[in-house]
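K.L.:
Model the following, please.
(2 chains)
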Amino acid sequence: MHIHRFEKVWLALALVFILGLISSIVYGAVGPGVEMIDAEGGTVDPQNLENSEFADPGVERVGENEYEVYVVAQQFSFDPGSQANGVIRVPANSRVTFYVTSSDVVHGFEVVGTNLNTMAIPGQVSKMTVEFDDPETYGIVCNEYCGAAHHAMEGRIVVVPESQYEGPGNANATSGNETTNASAVDAPNATSTFDAVAAVDATATPDTVKAIDARSRVDAVEVAA
Amino acid sequence: MSTETETDHDDDFDPIGTAVLIGIYMTIVVLMWIFTYFIEFLGRGVTIVG
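P.N.:
Sure thing, here's the model as predicted:
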C-alpha cells in the first residue's frame, strides 16, 4: 500500500501527540501527586447520619499538622462551612482530609479557585486530602443544582496562620457581624419561593437561607402531594 | 504498456497549503493543552493529594 509522505508525517505527529497527553497525565500523578477521588470514603446511611461519623460534623485534629473535616451538605448550607454552622478553620501548613456527604439531595462541594471539587451524594462519602500551605480564605460553593436557594449555598474555609490557630474546638464560633434580612423573605408580595429567593439574592445570609429552606421543603411536600 | 493506477502518481500532488493549515491547528491544540493542564490545572494552588 502506498501512503503519501504527508500522511506518514501526520500519523507520526498524531502518535506523538497522544503519547504527550498520556505522559502529561502520568507526570501530574507522579510529580505534583494529583489524585482522583474514588470510592475509598465508603458509604453511609443518609437517613441516619446522627449515628455515623457525621453525627457531629466539624474539624478534628488527628495528628501533628493533620486534620480531618467531616462536612454534611444539605439544602442549603454546608455543616460546617456556611456561616450559620461555623466556617471551617484549619491552620496553615496542615494536611487536611475532607469527608463530604449529603443528607438530602446531590450537592457539590467546590473550593473556588482550587482543584478541590467533588459531588456530595446522599449515602456516599467523598474523601479527599489536601495540603494548605499558606493562610488564606477560600470560598465553598455548591455546583450541583439542589433546589430553590442553590445559588445561596456557600461556605468558607479559613486557613489561619499556625500561631493564631486555637484548635478545632473553635470551628463553631461565628463572627458577630452578620446582617439578617429575614423580612425580605416574609415579603407578602412574594408569590413563590423563587420570588422570595430573588428578593434576598443580594443579601442572602444563613438565616434567610434557612427561611428559604423551610419554604422549599413545604413546596416539595406540596409537589409530592 | 503501463498499468499505473492513479494512486501511483499521488506524490505529484502535494497539498502543502492543507499541510500547513493542519500544522497550525496542531500547534494550537498542543499549546492549549499545555495551558489547560500545566498552567490552569496544576498551577492552581490547592490540589487533591490523597
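K.L.:
what's downstream of the longest helix anywhere in chain A, the next helix or strand?
P.N.:
If you go by DSSP state H, chain A has its longest helix at helix A:5-30. Moving toward the C-terminus from helix A:5-30, the first helix or strand encountered (DSSP states H and E) is strand A:58-63.
K.L.:
Okay, now the sheet partners of the next helix-or-strand element following that next one, with direction.
P.N.:
Moving toward the C-terminus from strand A:58-63, the first helix or strand encountered (DSSP H and E) is strand A:66-74. Partners of strand A:66-74 in the sheet, by DSSP bridges, are strand A:58-63 (antiparallel), strand A:77-79 (antiparallel), strand A:94-102 (parallel).
K.L.:
quick one on the thing from earlier: from the contact counts, what lies against the longest helix of chain A?
P.N.:
Contact here means 3 or more Cβ pairs under 8 Å, 6 or more residues apart in numbering or on different chains; DSSP states H and E; on that basis helix A:5-30 packs against helix B:16-33. All C-beta atoms are positioned from the backbone trio N, CA, C, and that covers glycine.
K.L.:
Next, the buried residues of the helix it packs on.
P.N.:
Applying a neighbour-count criterion of 16 or more other Cβ atoms under 10 Å in any protein chain shown, one finds nothing buried in helix B:16-33.
K.L.:
go on, stretch A:20-34?
P.N.:
Buried residues in stretch A:20-34, defined by neighbour count with 16+ other Cβ under 10 Å: A:24, A:28, A:34.
K.L.:
now stretch A:1-19
P.N.:
A:6, A:10.
K.L.:
Send over that stretch as PDB, restricted to the C-alpha atoms.
P.N.:
Output for stretch A:1-19, consisting of C-alpha atoms alone and laid out as PDB, is shown next (Å, rounded to 0.1, in the frame of the first residue of the first chain):
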ATOM      1  CA  MET A   1       0.000   0.000   0.000                       C
ATOM      2  CA  HIS A   2       1.300   3.400  -0.900                       C
ATOM      3  CA  ILE A   3       1.000   6.100   1.700                       C
ATOM      4  CA  HIS A   4       1.600   9.800   0.800                       C
ATOM      5  CA  ARG A   5       4.500  11.200   2.800                       C
ATOM      6  CA  PHE A   6       2.300  13.900   4.200                       C
ATOM      7  CA  GLU A   7       0.100  11.200   5.700                       C
ATOM      8  CA  LYS A   8       3.100   9.500   7.200                       C
ATOM      9  CA  VAL A   9       4.100  12.700   8.900                       C
ATOM     10  CA  TRP A  10       0.600  13.200  10.100                       C
ATOM     11  CA  LEU A  11       0.400   9.700  11.600                       C
ATOM     12  CA  ALA A  12       3.700  10.200  13.400                       C
ATOM     13  CA  LEU A  13       2.600  13.600  14.800                       C
ATOM     14  CA  ALA A  14      -0.700  12.200  16.000                       C
ATOM     15  CA  LEU A  15       1.000   9.400  17.800                       C
ATOM     16  CA  VAL A  16       3.500  11.700  19.400                       C
ATOM     17  CA  PHE A  17       0.500  13.900  20.500                       C
ATOM     18  CA  ILE A  18      -1.300  11.000  22.100                       C
ATOM     19  CA  LEU A  19       1.800   9.900  23.900                       C
END
